[in-house]
Structures are given as structure tokens and as C-alpha cells.
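Q: no FASTA, just this:
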């Protein structure tokens, strides 16, 4: 089975898929895909999936999510 996450938000935000370190430290890796449509559908990998908003200060204020797909 294939799982996807759908992110809906205003243009003042974005979504970046990161690894655990990026999630914990609010760091977007160089060259990462930045989703900014406000209606993003992202395929999940089996196991842990980490996402942050990379706008300055947003992740640090809690705009991040962890999804465990099984």
C-alpha cells in the first residue's frame, strides 16, 4: 500500500522533507526539495518521515511534523 501526506497551508509557509537530525534541529539540507504550493501531496516512505517549515523561525516555533508510515 502507498501512503501520501497532504499539506494545505497559506503561502507564508512551505514544507521540506528532512531526516531526523534536520527535524530535531530545524535544518533544511542543501538542495532539499521545497514544496510551496499550499496543496502538496508527498509520498511517504515506510517508517519515519520528517517534515519542517523552512521559513526562518517557523520550525523553531513548532511548525514541524513526524509521520510514521507502516
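A: Happy to help now that I have it. Please read these numbers as outputs of a predicted model, since none were measured by experiment.

Q: C-alpha from now on. contacts and neighbour counts both.
A: Fine.

Q: residues contacting the residue nearest to the spatial centre of the chain?
A: The chain has residue 51 as the residue nearest its centroid, 2.2 Å off, counting by CA atoms, centre = their mean. By CA atoms under 8 Å, 6 or more residues apart in numbering, the residues touching residue 51 are 15-18, 23, 64-66.

Q: how about JSON lines for those, with pLDDT, neighbour count and secondary structure added?
A: Listed next are these as JSON lines, based on pLDDT from 0 to 100; neighbours: other CA atoms under 10 Å; DSSP: H, G, I helix; E, B strand; the rest coil:
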{"residue": "15", "pLDDT": "98", "neighbour count": "25", "secondary structure": "strand"}
{"residue": "16", "pLDDT": "98", "neighbour count": "22", "secondary structure": "strand"}
{"residue": "17", "pLDDT": "97", "neighbour count": "24", "secondary structure": "strand"}
{"residue": "18", "pLDDT": "97", "neighbour count": "20", "secondary structure": "strand"}
{"residue": "23", "pLDDT": "98", "neighbour count": "22", "secondary structure": "helix"}
{"residue": "64", "pLDDT": "98", "neighbour count": "19", "secondary structure": "strand"}
{"residue": "65", "pLDDT": "98", "neighbour count": "14", "secondary structure": "strand"}
{"residue": "66", "pLDDT": "97", "neighbour count": "14", "secondary structure": "strand"}
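
Q: of the residues you listed, closest to residue 40?
A: residue 15 (8.1 Å; CA to CA).

Q: any idea how far that closest one lies from residue 1?
A: 23 Å (CA to CA, to the nearest Å).

Q: cool, residue 14 as well?
A: For residue 14, the distance to residue 1 - CA to CA - is 27 Å.

Q: more neighbours: the two, which one.
A: Under the criterion of other CA atoms under 10 Å, the comparison of residue 14 against residue 1 puts residue 14 first, with 23 against 4.

Q: much appreciated, bye for now.
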